[in-house]
Structure formats: C-alpha cells, structure tokens
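*Asks:* from the sequence below, what's the structure:
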Amino acid sequence: MSRRLHTIVALVENRPGVLNKIASKWRQRGFNIESLTVGHSEVPGLSRMTFTVDGAAHDIEQVTKQLYKVIEVVKITDVTEHETVARELALIKVAATKDNRSAIIEIVDLFRAKVVDVAADAVVVEATGTEDKIDAIVGMLTPYGLKELVRTGRVAMVRGAGITVTAPGANGAGQRYRSAGEGKPRVGSLI
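*Replies:* Predicted structure coming up:
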C-alpha cells in the first residue's frame, strides 16, 4: 500500500471537547496529523475541520468510519481524489536591517506576499498559497534570519459547484448530508 497525504474535511457540531475526541480517533490508529485547521462554517453552530494525514487509503477509510461514532460529527469526507482549492497561511518574522530590507521586500513581492508589520530589527510577512509556495518563501527568507514562523495548515474545498460537505439549509429543512463525489439526490430525499 502506498502512503501519501490525504485531505479530510469534517463538519462537526461546535462544542467543547470535539477536537479532542476526533484527534483521539486518529491517534488510536497510529496516524500523525500533519496539519489541522478548525473554523466556523457557513452553518451557525457547525465548524469545519480540515485534517492532513499521511496514510494508506484503506486505513484512512477505516478511521473516517470510526469518526462517525463521535456523536458531534455531522459529515466527514476524504477530498484527496477530488479537484480542490487548497491554501495555507503563514506569518514569517524575519530579521531585517536597513541593508537587507529591500532584498526581503523583493522576495515578498516575488511571492505576492505582504509585509504586515515593520520594526527596526524585523519584518513580519504574511504569505498565502499552497504548501509548496509557503515552503519556498520560507526557504528564500531563512538566510536573512528567520526569527519566528507560524503556519495555519491546509484548508481545502472542492472546486466548482461541488460542495465539500453539505449541511442543513438555513430553514432547517434538510436532514441528509451529502459530500463531494456523491451522485444527485434521489427524488424525495432531503438535502
């Protein structure tokens, strides 16, 4: 079985302890979570979690089945095989002097990043893009003296009209959750 990074998106109820329950399921199966992001979703009361994990597809499928046993999990989808838009945000603090500041700004411009804070001895750069782009800008800025680095981890959604994870509509009419890759709903099914 080949191993590779999988992107898993979960829609969960926004309650205390949910993150711990879900992370424990991955830990119990011996997975290392490469990145994890959590934030509000388009549905009030539900949060969207994006996990990046390294593992074989069969093992990932087993864990996702186990995650449905966590009562707060509304829907979970492995979007690895789908066309997605995936991005990461990084804040990079770099040592800066009057002699090297223009070279740093040139690198920032090259990567379409932004300088978001300037001090006498450092600049903070905000970069958004794929993991490869973030790795590249960090690599270019490191020789100037990397003081601090924080990365959000991957966030992703399915491209086009496909919906990564669907939740009930604002009117509460929908009770069935549909993920990317599922066919059109049957007549009479709730979405």
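*Asks:* from now on I want contacts and neighbour counts done on CA atoms only, so please keep to that.
*Replies:* Noted.
*Asks:* so which bits of the lowest-mean-pLDDT helix or strand in the chain are buried?
*Replies:* Sorted by mean pLDDT, DSSP states H and E, the helices and strands of the chain end with helix 57-67, the least confident at a mean of 80. Buried residues in helix 57-67, counted by 16 or more other Cα atoms under 10 Å: Ala57, Ile60, Val63, Thr64, Leu67.
*Asks:* same deal with stretch 87-100?
*Replies:* Burial within stretch 87-100, assessed by neighbour count using 16+ other Cα under 10 Å, is assigned to Arg87, Glu88, Leu89, Ala90, Leu91, Ile92, Lys93, Val94, Ala95, Ala96.
*Asks:* returning to what we had before: which of the buried residues of helix 57-67 lies closest to Gly17?
*Replies:* Closest to Gly17 out of these is Leu67 (13.9 Å), distances taken as Cα to Cα.
*Asks:* wasn't Ser102 part of a strand?
*Replies:* No - looking at Ser102 with DSSP: H, G, I helix; E, B strand; the rest coil, it is helix, so not inside a strand.
*Asks:* any idea how far Ala161 is from it?
*Replies:* 42 Å (Cα to Cα, to the nearest Å).
*Asks:* which residues does the residue nearest to the spatial centre of the chain contact?
*Replies:* What sits nearest the mean C-alpha location of the chain, by Cα atoms, centre = their mean, is Val155, with 2.4 Å. Residues in contact with Val155 (Cα atoms under 8 Å, 6 or more residues apart in numbering) are Thr37, Thr50, Ala86, Arg87, Glu88.
*Asks:* tell me which element the closest residue to the third one other than its chain neighbours falls in.
*Replies:* This points to Ala86. Spatially, and ignoring its direct neighbours in sequence, Ala86 is nearest to Ala156 (4.2 Å; Cα to Cα, 6 or more residues apart in numbering). Element membership for Ala156, per DSSP states H and E: strand 155-158.
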